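**Q** Sequence and computational prediction follow.
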Amino acid sequence: MAEQERAIRTRRAILLAAAKVFQERGYQTATISEILSAAGVTKGALYFHFQSKEELAQGVLNAQYQDLVIPDRTTKLQEIVDMVALHTYRLETNPMVRASVRLAMDQRATDLDRSGPWQDWVDGVQSKLERAQAQGELLPHVLPAETASVIVGAYGGVQSMSQAVSDYGDLVVRVSALLRHLLPSISQPSVLPSLDLSETRGQRVYEEALEHSKQLAAAS
């Protein structure tokens with residue numbers, strides 16, 4: 001058990017170091033030597049967990065996946081808002097998530113498959129849009145697959161702009177504005193007043209999802 005815990009800690013340390021180097025240097029120019037130096041581990045320890053720089057990058061990219069479980073909401077559009085709010089909060093507070101986003105948007109990383117996080121987001125939003133549609137929350141013209149791509153693409157653009165302009169200092173404000181502009185174009189007017197788009201939503205959702213996830217783990 002002690003060895004397993006030590007291996008988990010070592011893997012985590014390597015990923016955190018890789019995240020730091022990728023965020024500072026970009027995927028293309030980052031080197032294994034720099035990651036080794038930042039992690040403070042031997043080459044053997046690194047290659048025990050990761051066989052290549054690409055495998056390391058995929059490990060960092062996977063950090064973007066939202067493993068916290070958001071409780072079901074009566075309004076499915078609120079669940080989409082909460083997905084965005086939670087990710088926004090994690091992007092502001094979690095260095096690994098920031099590095100993951102940097103990698104996903106790194107257009108110079110041509111030999112790295114960066115599609116996973118994007119597709120995961122599109123699939124998640126599309127699924128919730130389909131449920132919202134079944135509940136009569138959406139306007140008649142909405143096509144869930146198309147709308148999901150538009151929402152994810154717009155959100156990615158806002159993240160990129162905020163990073164360039166203020167190092168994510170204004171991200172919450174920009175995301176709130178994005179949702180206020182997008183949602184009226186897809187939501188039934190009767191649903192809009194019930195949606196919580198407040199700028200403090202992300203932290204509240206994070207704390208709620210953390211507690212909900214703990215309860216699910218304890219019950220399993």
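**A** Thanks, I have it.
**Q** any idea how far Met170 lies from Ser187?
**A** Wrong residue type there; residue 170 is Asp, not Met. Applying CB to CB, to the nearest Å, the value for Asp170 to Ser187 is 25 Å. Backbone N, C-alpha and C define where each C-beta goes, glycine included.
**Q** which one of these two has more residues nearby?
**A** Neighbours per residue (other CB atoms under 10 Å) separate Asp170 from Ser187, with Ser187 holding more: 19 against 14.
**Q** which residue sits closest to that one, ignoring its sequence neighbours?
**A** Closest residue to Ser187 apart from its sequence neighbours, by CB to CB, 6 or more residues apart in numbering: Leu77 at 5.8 Å.
**Q** burial count for that neighbour?
**A** The number of residues near Leu77, taken as other CB under 10 Å, comes to 24.
**Q** what sits against it?
**A** The contact partners of Leu77, taken as CB atoms under 8 Å, 6 or more residues apart in numbering, are Lys128, Ala132, Glu137, Leu138, Leu183, Ser187, Val191, Leu195.
**Q** Any idea how many residues pack against the spatially closest residue to the third one that is not a sequence neighbour?
**A** What sits nearest to Glu137 in space, not counting adjacent residues and going by CB to CB, 6+ apart, is Val191, at 4.9 Å. Each residue near Val191 was counted by other CB under 10 Å, and the total is 20.
**Q** Quick check: Gln107 vs Val60, distance?
**A** 17 Å.
**Q** now the helices for the protein?
**A** 2-25, 32-39, 43-49, 53-61, 76-93, 95-104, 115-134, 144-166, 171-182, 201-219 (DSSP state H).
**Q** Buried residues, stretch 100-117. List them.
**A** Buried residues in stretch 100-117, counted by 16 or more other CB atoms under 10 Å: Ser100, Val101, Arg102, Leu103, Ala104, Met105, Asp106, Ala109, Leu112, Arg114, Pro117.
**Q** how close does Leu143 sit to Ile186?
**A** Look at Leu143 and Ile186: by CB to CB, they are 10 Å apart.
**Q** can you check Val97 too?
**A** 26 Å.
**Q** again with Asp167
**A** 31 Å.
**Q** Pick out whichever of those two has more residues nearby.
**A** Ile186 (22 against 10).
**Q** isn't the more buried one right next to Thr147, touching?
**A** Yes. With contact defined as CB atoms under 8 Å, Ile186 counts as touching Thr147 (5.8 Å).
**Q** For Met105, which non-adjacent residue is closest in space?
**A** Ser160 (5.7 Å).
**Q** what's the first-to-last distance across stretch 46-53?
**A** Start-to-end span of stretch 46-53 (CA to CA, to the nearest Å) is 10 Å.
**Q** So what touches stretch 11-30?
**A** Under CB under 8 Å, 6+ apart, the answer for stretch 11-30 is 31, 34-36, 38-41, 45-46, 49-50, 53, 56-57, 59-60, 63, 95-96, 98-100, 102-103, 106, 108-109, 112.
**Q** CA-only coordinates of it in CSV, if you can.
**A** The C-alpha coordinates for stretch 11-30 follow below in CSV (Å, rounded to 0.1, in the frame of the first residue of the first chain):
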residue,chain,number,x,y,z
ARG,A,11,3.1,10.4,-10.9
ARG,A,12,1.3,13.4,-9.6
ALA,A,13,4.5,15.3,-9.1
ILE,A,14,5.6,14.5,-12.7
LEU,A,15,2.3,15.7,-14.1
LEU,A,16,2.4,18.9,-12.1
ALA,A,17,6.0,19.5,-13.4
ALA,A,18,5.0,18.8,-16.9
ALA,A,19,2.0,21.1,-16.6
LYS,A,20,4.2,23.9,-15.4
VAL,A,21,6.8,23.4,-18.2
PHE,A,22,4.1,23.0,-20.9
GLN,A,23,2.4,26.2,-19.7
GLU,A,24,5.5,28.2,-19.7
ARG,A,25,7.2,26.8,-22.8
GLY,A,26,4.5,25.3,-24.9
TYR,A,27,4.5,21.7,-26.0
GLN,A,28,6.9,22.0,-29.0
THR,A,29,9.8,23.6,-27.1
ALA,A,30,9.4,21.8,-23.8
